[in-house]
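Enquirer: okay, structure incoming, though there's no sequence with it:
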């Protein structure tokens, strides 16, 4: 099937690099808007709860149903975009989830709110894996990892970092919480327009000459081989996909339970004001943003497995301190920042980098989509529902222990990962090829 393209191919490296920068920034802003539309409801929930007579279990269900439909949609929509084109999936997705944000403000009760958020999850699940694929296609191989980390990091920055501040500040100047949802359509329509104008389909991107690199050939050729070569379930033959999925379920349980329940925990249990809560809760988003930028980069030097283990140990220690500390705004911000940095950094590392490095090139997109989709269904869908019911039955403080349990599950699972960092694999290959080097220390390491 031939498509009619209206844009010329990118036939020069300067044009290719300009497109790369523009596309990655635009796709990052789009993913940030996904995060903002998704998470702005949690800092607004104390006001929504009073207006619509809802409870903590309702909050868990509202957050959970979006995660469930997001995960199911993500499992299938990436392949749909391969068939019909990236723009044809992303642009309607942006418009629709922005509209459903407006409809969230029109909800009159729990049922209508659940329905709207479920539909929003479907449209966000369509946009997100397609945007990840477009980011990979726009990126030069030597910058693909950094660009994908940058594109993913804005979800937390806008959704959980800036979102609570934006929501609580707008609540002070707008008539009620419904208007906060209403204005979300404006950035959505702007981004939809530029996405249609800027983003190119895979066939429109002519490969520029690549510089010499030590990256494995499979990584450089990842865009050449179609995903349809294998059925999607082939990914489960690879050990890292199985343990990575389980680790992601644990990490997402922590992040989504914290993001959903901490705003109500701080206002109802710690007796913070709405504005103080908004500032403190933003630590989750800013910490997640920092972790997704830093930890995958650190793993290039020390290895994926060691970076994940250290990040999760750090997150577990900070989570323990958060559970024990009192209602100090700045301390709460700092501890939430630290927890999210460790856990979200691992989340980005496992869901994207480890997943695509663990399978053949033809399964890279399928592996990432499968791991993220299943992790989202459990961590983003089931876990918040469980947390909401725990809060209703035993108090709003009890979901924090569920979040801690998620960190510990992730920590155990990453212990079983096989190393995939190119630098470590190259070092191992060189050591095997040169037995005389096995006893010589290199930096702080000794080849064994």
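Expert: Nice, thanks for sending it over. Only a predicted model underlies this, so the values are computations on that prediction, with no experimental measurement involved.
Enquirer: list the residues that contact residue 375.
Expert: With contacts defined as C-beta atoms under 8 Å, 6 or more residues apart in numbering, residue 375 is in contact with 71, 245, 248, 249, 251, 252, 351. Using the backbone N, CA and C atoms, a C-beta is placed for each residue, glycine as well.
Enquirer: narrow those to those in helices?
Expert: Among these, the members found in helices (DSSP state H) are 71, 245, 248, 249, 251, 252.
Enquirer: out of these, which is most surrounded?
Expert: residue 251 (33 neighbours; other C-beta atoms under 10 Å).
Enquirer: that one: what's it in contact with?
Expert: Applying C-beta under 8 Å, 6+ apart to residue 251 gives the contacts 312, 343, 344, 346, 347, 350, 375, 379, 406, 407, 410.
Enquirer: spatially nearest residue to the last one (excluding sequence neighbours)?
Expert: When the adjacent residues along the chain are set aside, residue 410 lies closest to residue 250, with 3.4 Å between them (C-beta to C-beta, 6 or more residues apart in numbering).
Enquirer: one more: residue 256?
Expert: Leaving aside its sequence neighbours, residue 256 sits nearest to residue 380 (C-beta to C-beta, 6+ apart; 4.8 Å).
Enquirer: over to residue 306?
Expert: Spatially, and ignoring its direct neighbours in sequence, residue 306 is nearest to residue 299 (7.7 Å; C-beta to C-beta, 6+ apart).
Enquirer: with residue 277 instead?
Expert: Spatial nearest neighbour of residue 277, chain neighbours left out: residue 266 (4.4 Å); criterion: C-beta to C-beta, 6+ apart.
Enquirer: repeat that for residue 34.
Expert: residue 124 (5.1 Å).
Enquirer: thought residue 93 was touching that neighbour, still the case?
Expert: Yes: contact criterion C-beta atoms under 8 Å: residue 124 and residue 93 qualify, at 7.1 Å.
Enquirer: where exactly do the helices run in the stretch 51-200 of the chain?
Expert: Counting by DSSP state H, counting those that start in this stretch, the stretch 51-200 of the chain has helices at residues 56-84, 86-104, 110-138, 144-156, 163-173, 177-182, 185-198.
Enquirer: distance of residue 153 relative to residue 72?
Expert: Shown here: residue 153 relative to residue 72, a distance of 24 Å by C-beta to C-beta, to the nearest Å.
Enquirer: ok, the two, which is more surrounded?
Expert: In terms of neighbours (other C-beta under 10 Å), residue 153 is the more surrounded of residue 153 and residue 72; the figures are 27 against 18.
Enquirer: so who does that one touch?
Expert: With C-beta under 8 Å, 6+ apart, residue 153 has these contacts: 28, 288, 289, 292, 293, 348.
Enquirer: now do 10 Å
Expert: 28, 31-32, 35, 161, 285, 288-294, 296, 344-345, 348 (C-beta atoms under 10 Å, 6 or more residues apart in numbering).
Enquirer: helices along the stretch 251-400 of the chain, start to end?
Expert: Here the stretch 251-400 of the chain has its helices, by DSSP H, counting those that start in this stretch, at 274-302, 304-324, 329-348, 355-357, 364-375, 383-394, 399-414.
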